[in-house]
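Undergrad: A predicted structure for the sequence below; I have some questions about it.
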Amino acid sequence: MTAGGMVSRYLKSQGIVPKKSDLGLNFQYEGWNFLFWKDTDDPMFFRLILPGIFDVGDENFAKAIMTCNSINWNYKVVKAVLYDYEDGKEKGASIWMCYEQLLDLQSDMENILPHAIRSLLSACDAFLKEMNDE
């Protein structure tokens, strides 16, 4: 079984039906949109993403990068990254939170996925708090 299959099975056992996309599995939890990123080159790699938590522009770019550094230093297995996007005519950048872990066939998704979600939400809260502090 792949990491995506393990995630899908666990979510369904919790009454959450993920939606498949080209990128992986999308699901909602506590009002947040999550993405389990499918890695076709490494089917046992677990990458859960909380995308687009903060829009970045010229006026807040430096602070956003420094705040990402702070999150990356202080949170284990969570990465805060600047993601550039192009959506039709619109270009921009936003901050994404990523939780990554290597899995094996004995990995316990009942502990891994809830921990990943809590870690991402905690890092997101810390990021937003730091960005809003003047």
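TA: Arrived safely, thanks for sending.
Undergrad: for stretch 53-69, which positions count as buried?
TA: By 16 or more other Cβ atoms under 10 Å, the buried positions in stretch 53-69 come out as Ile53, Phe54, Val56, Ala64, Thr67, Cys68. (Glycine included, C-beta is placed from N, CA and C.)
Undergrad: Neighbours of the nearest residue to the second one once chain neighbours are set aside, how many?
TA: Closest residue in space to Phe54, ignoring its immediate chain neighbours: Ile95 at 4.3 Å, by Cβ to Cβ, 6 or more residues apart in numbering. Other residues lying near Ile95 total 24 when counted by other Cβ atoms under 10 Å.
Undergrad: Equivalent analysis for Lys129, please.
TA: Count around Lys129 with other Cβ under 10 Å applied: 10.
Undergrad: now, which of the buried residues of stretch 53-69 lie within helices?
TA: Those of the buried residues of stretch 53-69 mapping onto helices are Ala64, Thr67, Cys68, per DSSP state H.
Undergrad: And the helix ranked longest in the chain, what does it pack against?
TA: When secondary structure is assigned using DSSP H, the longest helix within the chain turns out to be helix 109-132. Using 3 or more Cβ pairs under 8 Å, 6 or more residues apart in numbering; DSSP states H and E, the elements in contact with helix 109-132 are helix 3-13, strand 32-37, strand 45-56, helix 61-74, strand 78-87, strand 90-102.
Undergrad: could those go into CSV alongside distance to Asn111 and mean pLDDT?
TA: Shown next, in CSV, are the helices and strands packed on helix 109-132 (distance: least, Cβ to Cβ, whole Å; pLDDT from 0 to 100):
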stretch, distance to Asn111, mean pLDDT
helix 3-13, 10, 94
strand 32-37, 16, 96
strand 45-56, 12, 96
helix 61-74, 22, 96
strand 78-87, 16, 91
strand 90-102, 11, 94
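Undergrad: Thanks a lot, catch you later.
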